[in-house]
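**Student:** Sequence plus predicted model, see below.
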Amino acid sequence: MNPLFLILIIPFIGALAALVLPKKMRPYILTGVLALESGLAVSLSRGMSTGRQVSIQMDFSRWLDISFSADGLSTFVALVFSFCGLLICLFSLTQAQELLEKKHFYAWMSLFCGAVVAALFSANLILLFFFLEIAALCVLIEAGVYGQEELKFKIKNLFVSYFSLILIVISLVYIYSNNSTLQLGLLAARPLNIFIAFLLCLALLLKTAQAAYLSARGLAWQAALPQAVFLGTGVMTCLSAYIFARVFLMTFSDPALFFEITACAGVVLLFSGAAFAWLARDIKKIIFFCAFSQFGYILLSLSSRSDVSFRSALVYLAAQALALSGLFLCVDRVIQRTGKKNADELGGLIKYMPYTAAGFLICAFSIVGIPPFLGFWPKLMNVMASVQEGHIALEAMAVAGALFTLFYLVRLFNKVFLGEAAACIWQDRPNFADIIVLFIAGLILVLGLLPGMSFGFLRIFIKI
């Protein structure tokens, strides 16, 4: 059977299974879905180095065709997403008892995974943005927006959601009226009006910012931090970066002015996310804002448009996904052990949670770009390529942003793990959750020590 069909349909089957199967099986359904998705992504990767594509296509009209295609970029991002999601779900199995009664949580999570995978493999602009909307809808529902009694909060988030949807619809109507098709393959290298390009880019930024904001609020996610944080912040930022690369770099021919402005927007996101992280005291929110800030760095790197910057952005996307997954899990461990989220109320936990502290530090150093961890190499390559192309000012800002990131993550580590113990807890003993955290940290270190392996792995998927 076509592996592309399986990778598309399995999450939707998982969503139905979460509604009808016994409650004790619900946590394992999502884990099984992501395990199968990872295996199928590996299966699709065979032959990618030769440029082979796997596709599914059903034509209904000139403007609507149900078409999906697996190329190197989509398969690479799908593998990163499913693998990191699998690690988080394995970690969360040790804390799943509180969610056994919430069958809709696992159903929405499986539906979200299906929407993300379908968006990654969509070969039509309508399908691409349709599944982006489904993924965003799952974030809204799991964040409690539709059941929230606070009217102002509900109106604000629904306005952002529908406003971004209107921007997408206007853009798609314009693109079809000028090209008579919405199929990505037929739109390749065609020019795109700069105003329409900005509308689509603004819609992506609004979706990403809203996901980070809802994650920071954490309304309905207090008992499900690992899965929900990965859903709301990590995946949506990765999906937005993928759509930016797919639409603006690999499909349309956009004017240079567009990428100059998006590069500046990336710098703004980098510093604004870092500033919010510096001001925050809730340890969850600090990691949420860190994820949003790093999306700005990826946007800046992609906007350079060079082959080296593109490769480094994809490797950094994988490095960020791993490191943020590790940070999310470390923060969850701290909250579960102490019952506190305020960094000022914590301290001295390295004595009680040494494995968590070690994992946190390695993941933080990778995000900052400190050698020899995985995040260092793509940042170094991007800086060198940008300097050679004369983009010195923007890269200087990117380096300054990395230093800012270092300051607030080191401060967070100091407040939580160093100093005098502010909370008296039992001595940490290695368990399954610690194994997952240390596995992520070890993978980041090994891939950082062997950068040729990381970029060689990327070349399996993308020949550039």
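**Tutor:** Yep, it's here.
**Student:** can you count the residues close to residue 253?
**Tutor:** 12 (other C-beta atoms under 10 Å). Every C-beta, even on glycine, is put in place using the N, C-alpha and C of the backbone.
**Student:** Surely it and residue 192 touch.
**Tutor:** Yes - the pair residue 253 and residue 192 qualifies as a contact (C-beta atoms under 8 Å) at a distance of 7.1 Å.
**Student:** where are the low-confidence patches of the stretch 101-250 of the chain?
**Tutor:** Along the stretch 101-250 of the chain, the parts satisfying pLDDT under 70 run over 101-103, 142-154, 212, 215-232.
**Student:** List the buried residues for stretch 306-324?
**Tutor:** Neighbour-count burial for stretch 306-324, counted by 16 or more other C-beta atoms under 10 Å, picks out 306, 308-324.
**Student:** Just those residues: which are in strands?
**Tutor:** Among these, no member falls in strands (DSSP state E).
**Student:** In helices, which of these appear?
**Tutor:** Among the buried residues of stretch 306-324, DSSP state H puts 308-324 in helices.
**Student:** name the element residue 370 belongs to?
**Tutor:** Counting by DSSP states H and E, no helix or strand carries residue 370.
**Student:** separation between the closest residue to it other than its chain neighbours and residue 355?
**Tutor:** Nearest residue to residue 370, sequence neighbours excluded (C-beta to C-beta, 6 or more residues apart in numbering): residue 376, at 6.0 Å. Distance of residue 376 to residue 355, computed by C-beta to C-beta, to the nearest Å: 23 Å.
**Student:** again with residue 43
**Tutor:** 34 Å.
**Student:** Pick out whichever of the two has more residues nearby.
**Tutor:** Neighbour tally, residue 43 and residue 355, criterion other C-beta under 10 Å: the higher count belongs to residue 355, 19 against 15.
**Student:** who's in contact with the one helix or strand the more buried one maps to?
**Tutor:** Under the criterion of DSSP H and E, residue 355 resides in helix 354-368. Residues from elsewhere that reach helix 354-368, judged by C-beta atoms under 8 Å, 6 or more residues apart in numbering: 290, 294, 319-320, 322-324, 326-327, 329-330, 333-334, 349-350, 373-376, 402, 405-406, 409-410, 412-413, 416-417, 428, 430, 434, 437-438, 440-441, 444-445, 448.
**Student:** got the buried residues for that helix?
**Tutor:** 355-368.
**Student:** Which residue ranges of this protein form strands?
**Tutor:** Going by DSSP E, the chain shows strands at 54-59, 65-70.
**Student:** what does the last one contact?
**Tutor:** The list of residues contacting strand 65-70 from outside it, by C-beta under 8 Å, 6+ apart, reads 4, 7-8, 44, 53-60, 118, 121-124, 127, 183-185.
**Student:** do stretch 392-407 as well
**Tutor:** Contacts of stretch 392-407 (C-beta under 8 Å, 6+ apart): 263-264, 267, 270-271, 274-275, 277-278, 290, 293-294, 296-297, 300, 367-370, 379, 382-383, 386-387.
**Student:** send the alpha carbons of that stretch over as CSV?
**Tutor:** Taking C-alpha atoms only, stretch 392-407 is exported to CSV below (Å, rounded to 0.1, in the frame of the first residue of the first chain):
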residue,chain,number,x,y,z
ILE,A,392,26.4,42.0,7.9
ALA,A,393,23.9,44.2,9.8
LEU,A,394,21.1,41.6,9.9
GLU,A,395,23.5,38.8,11.1
ALA,A,396,24.9,41.1,13.7
MET,A,397,21.4,41.5,15.0
ALA,A,398,21.0,37.7,14.9
VAL,A,399,24.1,37.2,17.0
ALA,A,400,22.9,39.8,19.4
GLY,A,401,19.6,37.9,19.6
ALA,A,402,21.5,34.7,20.4
LEU,A,403,23.3,36.5,23.2
PHE,A,404,20.0,37.8,24.6
THR,A,405,18.7,34.2,24.5
LEU,A,406,21.8,33.0,26.4
PHE,A,407,21.1,35.6,29.1
